[in-house]
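> Fold the stuff below for me.
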Amino acid sequence: MKSEYEWTRRNLIGIENLTPEEVTFILDTAVSFKKTMGRSVKKLPSLRGKVVANLFLEPSTRTRVAFEVAANRLSADVLTVSGSSSSITKGETLRDTAQNIEALKADMIVIRHSAPGSPLYLSQLVDIPVVNAGDGAHEHPTQALLDCFTLREKIGSLEGKKVAILGDILFSRVARSNIWALRKLGAHVTLVGPSTLVPGTFESMGAEVSHDLRSALTDADAVMLLRIQHERQSQMHFPSLGEYTSLFGLNRERTSWLKPEAVIMHPGPLNRGVEIDSDLADSSRSVILDQVTNGIAVRMAVLYLCASADEWQKREAVL
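Reported below is the predicted structural model:
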């Protein structure tokens, strides 16, 4: 991978602190990796001899598997540690778990944790790169990157484009990372949903807040649906799922409010019949499975760049 731009970050903690140039560089690197996915021999030697530790202390299917596939495609050895099968259930601290993984000679940690700030905390404890795979309601940077990657594939440059994010914004790390990423790439972001889940405080991130679904969808180039995250809510923020669906669920009638070329996105897992009708999830407008596939290329880019920066910093330290 050659470029005039030089990547120097050994950790990916969030999107907020990245520059627009860094976001674009990751996406452009992912384009190169996606081209390799169509080859008969898909493996690259980029991380041969490296060990990537996936420390997933919250449930995950798409993100965990995509990181595993991405690391394997780069020829790394992969070990996955889940919360239920680790010594954390015996009282071991996150700090001790991470330092033991480093002592076992892992070269990189990918972490998902329910506590916001966990990846940053680990990055200050261990001397190997740390990649955030989702920390509480704080950030999910690789999901936002793959969403932007998919949007660039489907609707071109994001400069001036309008993206509506619909659903549980308050508890969503996906929403937060996407707001940062989309704004850095020049898109206009409208957050829409019940006022209890879409408070006006999000305007401080540069997004528009709306509780009028029709108005938000009418001129959108893409609508990104988010599920209701009951696991992060200590109380109901609306009367019932049925009432949420009746007011904010995406159905055929509401899809007709979108521009004909607008695409439908969802980071998964889907709650069919709640935030989206099942037939719309499977329709030609849906790019949901494209998002999943693109998650491999984007995570290959992130692993490759963070590992490369780590090697570069080690060489500089020796000289």
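> Only C-alpha atoms from now on, for both contacts and neighbour counts.
OK.
> Next one: D135 from I15, what distance?
Distance of D135 to I15, given as C-alpha to C-alpha, to the nearest Å: 13 Å.
> swap that for L226, sorry
Using C-alpha to C-alpha, we find L226 at a distance of 19 Å from I15.
> Select the longest helix from this protein.
Ranked by number of residues, the top helix in the chain under DSSP state H is helix 288-318.
> tell me the average confidence for that one?
For helix 288-318, mean pLDDT rounds to 90.
> likewise stretch 117-132?
On average, stretch 117-132 scores 97.
> got the buried residues for it?
Across stretch 117-132, burial judged by 16 or more other C-alpha atoms under 10 Å covers G117, S118, P119, L120, L122, S123, V126, I128, P129, V130, V131, N132.
> got it, and stretch 256-273?
W257, L258, A262, V263, I264, M265, H266, P267, G268, L270, G273.
> Could you measure from the fifth one over to L94?
Plainly put, I264 is 37 Å away from L94 if you go by C-alpha to C-alpha.
> I'd like to know how many residues surround the nearest residue to P20 once chain neighbours are set aside.
Excluding the flanking residues, the one nearest P20 by C-alpha to C-alpha, 6 or more residues apart in numbering is K184, at 5.0 Å. Counted by other C-alpha atoms under 10 Å, the residues lying close to K184 total 21.
> Which pLDDT does the model give K184?
Looking at K184, its pLDDT stands at 98.
> quick one: the strands in the stretch 201-319 of the chain?
Taking DSSP state E, counting those that start in this stretch, the strands of the stretch 201-319 of the chain run over residues 208-210, 222-225, 263-265.
> and those as TSV, adding mean pLDDT and distance to I296?
Listed next are the strands of the stretch 201-319 of the chain as TSV, based on pLDDT from 0 to 100; distance: least, C-alpha to C-alpha, whole Å:
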stretch	mean pLDDT	distance to I296
strand 208-210	98	31
strand 222-225	98	20
strand 263-265	98	17
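> I'd like those strands written out as a markdown table, with distance to L166 added.
Shown next, in a markdown table, are the strands of the stretch 201-319 of the chain (distance: least, C-alpha to C-alpha, whole Å):
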| stretch | distance to L166 |
| --- | --- |
| strand 208-210 | 10 |
| strand 222-225 | 5 |
| strand 263-265 | 10 |
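> quick one: contacts for D135?
By C-alpha atoms under 8 Å, 6 or more residues apart in numbering, D135 lies in contact with R112, H113, S114, A115, P116, G117, S118, P119, R173.
> In helices, which of the residues you listed appear?
Short answer: these in helices (DSSP H) are S118, P119, R173.
> Leaving out the residues flanking it, which one is nearest to A144?
That would be N178: by C-alpha to C-alpha, 6+ apart, it lies 4.7 Å from A144.
> Tell me who's in contact with that neighbour.
Contacts for N178 were tallied using C-alpha under 8 Å, 6+ apart; they are P141, Q143, A144, L145, D147, C148.
> Closest one of those to V69?
Q143 (15.3 Å; C-alpha to C-alpha).
> any idea which element the closest one lies in?
helix 141-155 (DSSP states H and E).
> quick one: contacts of that helix?
Against helix 141-155 from outside (C-alpha under 8 Å, 6+ apart): 12-15, 23, 26-27, 132-134, 158, 174, 177-178, 181-182, 221, 263, 267, 287, 290-291, 294-295, 298-299, 302.
> pLDDT (mean, whole number) over that helix?
The average pLDDT for helix 141-155 rounds to 98.
> in that helix, what counts as buried?
Neighbour counts over helix 141-155 (16+ other C-alpha under 10 Å) mark P141, T142, Q143, A144, L145, L146, D147, C148, F149, T150, L151 as buried.
> could you point out which element follows it?
Moving toward the C-terminus from helix 141-155, the next helix or strand (DSSP H and E) is strand 162-166.
> returning to what we had before: I'd like to check which residues are in contact with the residue nearest to P20.
By C-alpha under 8 Å, 6+ apart, the contact set of K184 is T19, P20, V23.
> Verify the stated contact: V131 with G117.
No. Using C-alpha atoms under 8 Å, V131 is not in contact with G117; the gap is 11.9 Å.
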